[in-house]
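Enquirer: Sequence plus the predicted model coming up.
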Amino acid sequence: MKKEYGKYIAIVLGIICIILIITLISIKLSNVNAQSEGINLKQKISAEISYIDSNIIEIMNKLNNIDVVKYKVYTKEINESQNSSKNSTQQSENSENEGSGGEEKGNSSQSQNSSNETQSQTTVSELVPNEILTQNDQEPDWEQISFLMEKIYSTWPTINLDLQNQGITNELISNFALSMDGVIQSIKNMDKNNTLINLFNMYVSIPKYASSINEDDNKQNLYNTKLNILNAYVIASTSDKWSDVTISIASAKDYFSKIISNENNKISLQKCYVIIEDLERMSQINDINIFFMGYKNVMQELETNFS
């Protein structure tokens, strides 16, 4: 009896051990899955922040007809088949005067011409300067601006839900949504200044979102650099407070210098820093067109190095 009783105890203990092992494995797998889902959500929000960033800046630029690409590249095709056709006509006429022997030469020349025609198109690129000194005085393309804003608006419900799931505060989410409503109303009224201000207020949330999901330091410093450059851009566009413009650019330099320190003074980043310094100098001239030239160079350089 004692032996049988001992066997029962051993079986029960074995079953308990198996259950404990299975439970521990399940808990571990659940934790791994939860961590994985958390990482995936952060990566998704990071991409969404980048999407909002690029679209807000594009709309802000379009309000002053600024394109951050310094030169537009146009492609055209040069048709060379016309010259080949002329040559084939001349060769064909000569072959008819040479009799039957010439017909073989004519056929040969026609096959060569056919080969030439298949290679008759040459593609070349032309760089066409995008003149900023005259473009910003033109009326904004409100139709295109509305289209770009609708892109942001259509993606906002998904982004909103992701931010909530990440634990972003309702206040931060609401501030962005209220500013977005202001942008839509300003666009409807074709009010350039208020559209710029409301767009900037939308952008204010981006560095905060990046901080909330623990983006790396360079990303956060980049967004804060852009935030201060955009602040300078809005002030220059909507008022004559050039001293405030200069102060904001100085703040942008401070944030960008942190990126340079983290990246061991890369030459490309040093160049970008110099261009930000140039913008600071240009802002002291108190000329909006000259400022826009410097602003465009800064945004283009940031796009080149961090896209």
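Expert: Thanks, I have the structure now. Numbers count the residues shown, from 1 in each chain.

Enquirer: quick one: the residue nearest to I66 when sequence neighbours are not counted from N64, how far?
Expert: Leaving aside its sequence neighbours, I66 sits nearest to K296 (Cβ to Cβ, 6 or more residues apart in numbering; 5.5 Å). Glycine gets a C-beta too; all of them are placed from N, C-alpha and C. Separation of K296 from N64 (Cβ to Cβ, to the nearest Å): 10 Å.

Enquirer: And for I213?
Expert: Between I213 and N64 the computed distance is 32 Å (Cβ to Cβ).

Enquirer: what do you get for S174?
Expert: To N64, S174 is 29 Å away according to Cβ to Cβ.

Enquirer: Compare these two and say which is more crowded by neighbours.
Expert: Comparing S174 with N64 by other Cβ atoms under 10 Å, the one with more neighbours is N64, at 21 against 12.

Enquirer: Does the more buried one touch F291 like I think?
Expert: No. Taking Cβ atoms under 8 Å as the definition, N64 is not a contact partner of F291, at 10.4 Å.

Enquirer: quick one: low-confidence parts of the stretch 101-250 of the chain?
Expert: Flagging of the stretch 101-250 of the chain using pLDDT under 70 yields the residue ranges 101-137.

Enquirer: can you give me the strands for it?
Expert: For the stretch 101-250 of the chain, applying DSSP state E, counting those that start in this stretch gives strands covering 121-129.

Enquirer: which residues in it form helices?
Expert: For the stretch 101-250 of the chain, the helices defined by DSSP state H, counting those that start in this stretch occupy 132-135, 142-166, 170-188, 192-212, 217-238, 242-262.

Enquirer: Put the alpha carbons of stretch 228-248 into CSV.
Expert: In CSV, the C-alpha atoms belonging to stretch 228-248 read as follows (Å, rounded to 0.1, in the frame of the first residue of the first chain):
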residue,chain,number,x,y,z
ASN,A,228,12.4,76.2,-34.4
ILE,A,229,13.1,76.8,-38.1
LEU,A,230,9.4,76.6,-38.9
ASN,A,231,8.7,79.0,-36.0
ALA,A,232,11.1,81.5,-37.6
TYR,A,233,9.5,80.9,-41.0
VAL,A,234,6.0,81.6,-39.6
ILE,A,235,7.1,84.8,-37.8
ALA,A,236,8.9,86.0,-40.9
SER,A,237,5.9,85.3,-43.1
THR,A,238,3.2,86.8,-40.8
SER,A,239,5.0,89.7,-39.0
ASP,A,240,8.0,92.0,-38.9
LYS,A,241,9.5,90.7,-35.7
TRP,A,242,12.9,89.8,-37.1
SER,A,243,14.5,89.7,-33.7
ASP,A,244,12.2,86.8,-32.7
VAL,A,245,13.1,85.1,-36.0
THR,A,246,16.8,85.3,-35.1
ILE,A,247,16.2,84.0,-31.6
SER,A,248,14.3,81.0,-33.0
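
Enquirer: Pull the residues that contact it.
Expert: 57, 60, 63-64, 192-193, 196-197, 200, 203, 249, 251-252, 255, 276, 279-280, 283-284, 286, 288, 291-292, 295, 298-299, 302 (Cβ atoms under 8 Å, 6 or more residues apart in numbering).

Enquirer: among those, which ones are buried?
Expert: 57, 60, 63-64, 192, 196-197, 200, 203, 249, 251-252, 255, 276, 279-280, 283, 291-292, 295, 298-299, 302 (16 or more other Cβ atoms under 10 Å).

Enquirer: All good on my end, thank you.
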